[in-house]
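Pasting the sequence and the predicted coordinates here, then a few questions.
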Amino acid sequence: MFVPVILATFRLSQTKGWVLPSVLLMSGASLLSLASTFFPNRTLTGMKWVVLAAFFALTVVGFFSYLRNARTILTAHLYTAISIYLLLGMQWFAVYSAIDVFRPGSFLFNNAAIADRQSELLYFSLVTLTTVGYGDIVPLDGEVRMLAALEGVTGVLYVAITVALLVSAYKGPAQE
């Protein structure tokens, strides 16, 4: 879980102005994760997910500003675009995990025995972001259903906006 957090923090640390917020959020998430491991508590666990969601949101904004300011498209920009999409999935996953901690029963899992709720929520987030929506995990509360709909809209808009940005910044081979 913390590999994307550490990599995103490292990448954001290379951009002036993003270092302090990203390090503070990453440190807070790490401390809350450690505290919730040694002192199992719903509040600590939920706060860990809230801080992670904020971190992923900050990372998405930071990476998207890098992508938006591109004058020409390099391989790094394409990797950044892919990273943003996956980080959006991680952000929504953290939001759903926080909801699952603070409001148990907000999701209906159709599997008989759920061994790892976090894996299921990550799966739900990625399936919702891509607007596939298999229906094997269903948000029950109205607020969670609206968040899932918002995630689907976010996934579609991100792809459309990113393709437009990349195409407008693309400079083909020089015509001779």
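Alright, I've got the coordinates. Residues are numbered from 1 along each chain as shown.

For Met146, grab the count of nearby residues.
11 (other C-beta atoms under 10 Å). Placement of C-beta: from N, CA and C, glycine included.

Please, which helix or strand holds it?
Using DSSP states H and E, Met146 sits in helix 142-169.

Tell me which other helices or strands that helix touches.
Packing contacts for helix 142-169, counted by 3 or more C-beta pairs under 8 Å, 6 or more residues apart in numbering; DSSP states H and E, involve helix 42-68, helix 75-102, helix 117-129, strand 137-139.

So for that helix, what gets flagged as buried?
Across helix 142-169, burial judged by 16 or more other C-beta atoms under 10 Å covers 144, 147-148, 151-152, 154-155, 158, 162, 165, 169.

now swap in stretch 79-90 and tell me
Going by neighbour count (16+ other C-beta under 10 Å), the buried part of stretch 79-90 is 80-81, 83-85, 87-90.

Tell me where the model's unsure across the chain.
1-15, 112-115, 171-176 (pLDDT under 70).

let's see 80
1-19, 70, 76, 111-115, 169-176 (pLDDT under 80).

Now render the buried residues of stretch 79-90 as CSV, adding distance to Ser36.
Below are the buried residues of stretch 79-90 laid out as CSV (distance: C-beta to C-beta, whole Å):
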residue, distance to Ser36
Thr80, 31
Ala81, 33
Ser83, 27
Ile84, 28
Tyr85, 28
Leu87, 22
Leu88, 25
Gly89, 22
Met90, 18
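
Ile73 - how many residues pack around it?
The local packing of Ile73 (other C-beta under 10 Å) involves 17 other residues.

my read: it touches Val163, true?
No - using C-beta atoms under 8 Å, Ile73 makes no contact with Val163, being 11.5 Å away.

Tell me if I'm right that Gln91 and Ala57 touch.
Yes - the pair Gln91 and Ala57 qualifies as a contact (C-beta under 8 Å) at a distance of 5.5 Å.

The two: who's more crowded?
Gln91 (23 against 17).

and the more buried one, what does it touch?
Counting by C-beta atoms under 8 Å, 6 or more residues apart in numbering, Gln91 touches 53, 56-57, 60.

Of those, keep whichever come out buried.
In the contacts of Gln91, burial by neighbour count holds for 53, 56-57, 60, counting by 16+ other C-beta under 10 Å.

Is it possible to get a markdown table of these that adds distance to Ser22?
Shown next, in a markdown table, are those (distance: C-beta to C-beta, whole Å):
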| residue | distance to Ser22 |
| --- | --- |
| Ala53 | 14 |
| Phe56 | 11 |
| Ala57 | 11 |
| Val60 | 12 |
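
Tell me the one among the residues you listed nearest to Ser97.
Ala53 (8.3 Å; C-beta to C-beta).

what about the closest residue to Leu122 other than its chain neighbours, distance to Leu87?
With C-beta to C-beta, 6 or more residues apart in numbering as the criterion, Leu122 has its nearest non-adjacent residue at 4.7 Å, and that residue is Phe93. Counting by C-beta to C-beta, to the nearest Å, the separation of Phe93 from Leu87 is 10 Å.
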